[in-house]
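> Need coordinates for the following:
(one chain, ligands or ions: 1)
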Amino acid sequence: MARIPLKQLLADDPKKVLVLDGGQGTELENRGIKVANPVWSTIPFISESFWSDESSANRKIVEEMFNDFLAAGAEILMTITYQTSFKSVSENTPIKTLAAYDNLLTRIVDFSRDCIGEEKHLIGCIGPWGAHVCCEFTGDYGPNPENIDFYQYFKPQLDNFNRNEKLDLLGFETIPNIHELKAILSWDESILSKPFYIGLSVHEHGVLRDGTTMEGVAKVIKDLGDKINPNFLLLGINCVSFNQSPDILESLHRALPNMPLLAYPNSGEVYDTEKKIWLPNSDKLNSWDTVVKQYIGSGARIIGGCCRTTPKDIQEISAAVKKYT
Ligand SMILES: [Zn+2]
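Below is the predicted model of the structure:
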């Protein structure tokens, strides 16, 4: 059965809310893959044995993770390519040429599609520029962020993903800086030829990590008017604090009432960078049931989880989505 294009699916049924999968990098870590390295969750795909040995331990772990997210109710899933930019891969792994990089991405997308089957939608996940220097949670892109050549950074990954028919949507995730947002939104259909979304990295006080308000974000989009790329399908937030996420999404909704939104917060645990451990969310004010209900009230069309969320979280999200749609 052919998949309904997402743009059509969302337009045909204004009540439809899709359940996304959870935090893949941290879930692979939970399952024993050592992701602490410069290409993070890309690491299992770098070793040739992942591809040559169908019973390799890491391959089993990734397959089981996808299976568990599917069983939990995920309807749209992501490729594990957050830290798989050409720059990250070519500087930190034996994969050095554009041709070898292209082959890597194609293999990952083929494998992900095989894991989830033909009926579910697949997102080509693209981490922010900041991911390669670990500043997606500070938004500090140096003294001249307006001079960064974002297109050059993303181009090799976009060239592959744009032409890959196994992908239904491109997802720019955890975007913390207004100059990066402006750059992505300035690209027309020749650069972004597939439907795409942008997930913002937002501080718990409700501003983009670089300090831009949600009104400031909205202004960038409003100023583009009808020059906006028609492939820009959804805007939203990801890897933001669980507790604050409903308020943040609501403020985005107030600033852009007609924009379809998406939300996938982290678990609310906090990473202690010195001890290198996750500290519990001691202040978990809400349940997924309450959070999902508020997201839907604020115009969310895709809802899932980011870092440290597991198939159990996706199960709770899925139940809440069924209840409130
Ligand atoms: Zn995350």
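> Which SSE is immediately downstream of the top helix by length along the chain?
Longest helix in the chain by number of residues (criterion: DSSP state H): helix 98-116. Per DSSP states H and E, helix 98-116 leads on to strand 121-126 as the next helix or strand towards the C-terminus.
> what's that following strand packed up against?
strand 76-78, helix 98-116, helix 150-162, strand 169-175 (3 or more CB pairs under 8 Å, 6 or more residues apart in numbering; DSSP states H and E). Glycine gets a C-beta too; all of them are placed from N, C-alpha and C.
> could you check the angle strand 121-126 makes with the third one?
Our comparison of helix 150-162 with strand 121-126, counting by axes from the mean of the first three to the mean of the last three CA atoms, to 10 degrees, yields an angle of 150 degrees.
> mind listing what's buried in helix 150-162?
F150, Y153, F154, P156, Q157, L158, D159, N160, F161, N162 (16 or more other CB atoms under 10 Å).
> could I get the residues you listed as TSV with pLDDT?
Formatted as TSV, the buried residues of helix 150-162 follow (pLDDT from 0 to 100):
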residue	pLDDT
F150	98
Y153	98
F154	98
P156	98
Q157	98
L158	98
D159	98
N160	98
F161	98
N162	98
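> Go back to those and keep what's next to the ion.
Among the buried residues of helix 150-162, not one lies near the ion by CB under 5 Å from the ion.
> Widest-spaced pair of the residues you listed?
F150 and N160 (17.0 Å; CB to CB).
> Let me know the closest of the buried residues of helix 150-162 to C134.
Y153 (14.9 Å).
> Would you check that that closest one makes contact with G130?
No. Counting by CB atoms under 8 Å, G130 is not a contact partner of Y153; they are 10.3 Å apart.
> Distance check, the residue nearest to L170 when sequence neighbours are not counted against the ion.
Take L170 and drop its neighbours on the chain: the residue closest to it by CB to CB, 6 or more residues apart in numbering is F196, 4.0 Å away. Distance of F196 to the ion, given as CB to the ion, to the nearest Å: 18 Å.
> ok, now N238?
6 Å.
> now that residue, which residues is it bridged with?
Beta bridges link N238 to Y264, judged by DSSP bridges.
> Find the least confident helix or strand in the protein, judged by mean pLDDT.
strand 270-272 (a mean of 80; mean pLDDT, DSSP states H and E).
> so what secondary structure elements neighbour it?
Using 3+ CB pairs under 8 Å, 6+ apart as the test, strand 270-272 ends up in contact with strand 277-279.
> other SSEs contacting the strand it packs on?
Against strand 277-279 (3+ CB pairs under 8 Å, 6+ apart) you get strand 270-272.
> Indicate whether the strand it packs on makes contact with the ion.
No. Against the ion, strand 270-272 shows no contacts by CB under 5 Å from the ion, the least distance being 10.2 Å.
> Give me the residues contacting that strand.
For strand 270-272, the external contacting residues (CB atoms under 8 Å, 6 or more residues apart in numbering) are I277, W278, L279, N281.
> in the protein, which spans are helices?
Counting by DSSP H, the helices of the chain are 6-12, 24-30, 43-46, 48-52, 57-72, 86-92, 98-116, 150-162, 178-186, 214-224, 245-255, 288-297, 311-324.
> For the third one, what does the pLDDT average out to?
In this model, helix 43-46 has a mean pLDDT of 98.
> Contacts made by it with the rest, please.
28, 33-35, 37, 39, 50, 58-59, 61-62, 80, 84, 89, 93-95, 104, 107-108.
> how distant is that helix from the center of its chain?
Per CA atoms, centre = their mean, to the nearest Å, the displacement of helix 43-46 from the mean C-alpha position of its chain is 19 Å.
> how about the residues of the stretch 101-250 of the chain that lie near the ion?
C239.
> Just want the residue of the stretch 101-250 of the chain that's nearest the ion.
Closest approach between the stretch 101-250 of the chain and the ion, counting by CB to the ion: C239, at 3.2 Å.
> shaky segments in this protein?
Where the chain drops to pLDDT under 70, the residues are 1.
> quick one: the residue nearest to I221 when sequence neighbours are not counted from D210, how far?
Of all residues beyond its chain neighbours, the one nearest I221 is L256 (6.4 Å), with distances taken as CB to CB, 6+ apart. From L256 over to D210 the distance is 19 Å, taken as CB to CB, to the nearest Å.
> do the same with I148
Counting by CB to CB, the gap from I148 to D210 is 13 Å.
> Likewise for V202?
As judged by CB to CB, V202 and D210 stand 10 Å apart.
> quick one, which of these two is more surrounded?
Higher neighbour count among V202 and D210: V202, with 30 against 21, using other CB atoms under 10 Å.
> Mind listing the residues bridging to the more buried one?
Where V202 sits in a bridge, its partners, by DSSP bridges, are L208.
> How about G171?
Those that pair with G171 in a beta bridge, by DSSP bridges, are C125, Y197.
> Touching, it and I126? I think so.
Yes. G171 is within contact range of I126, at 6.4 Å (criterion: CB under 8 Å).
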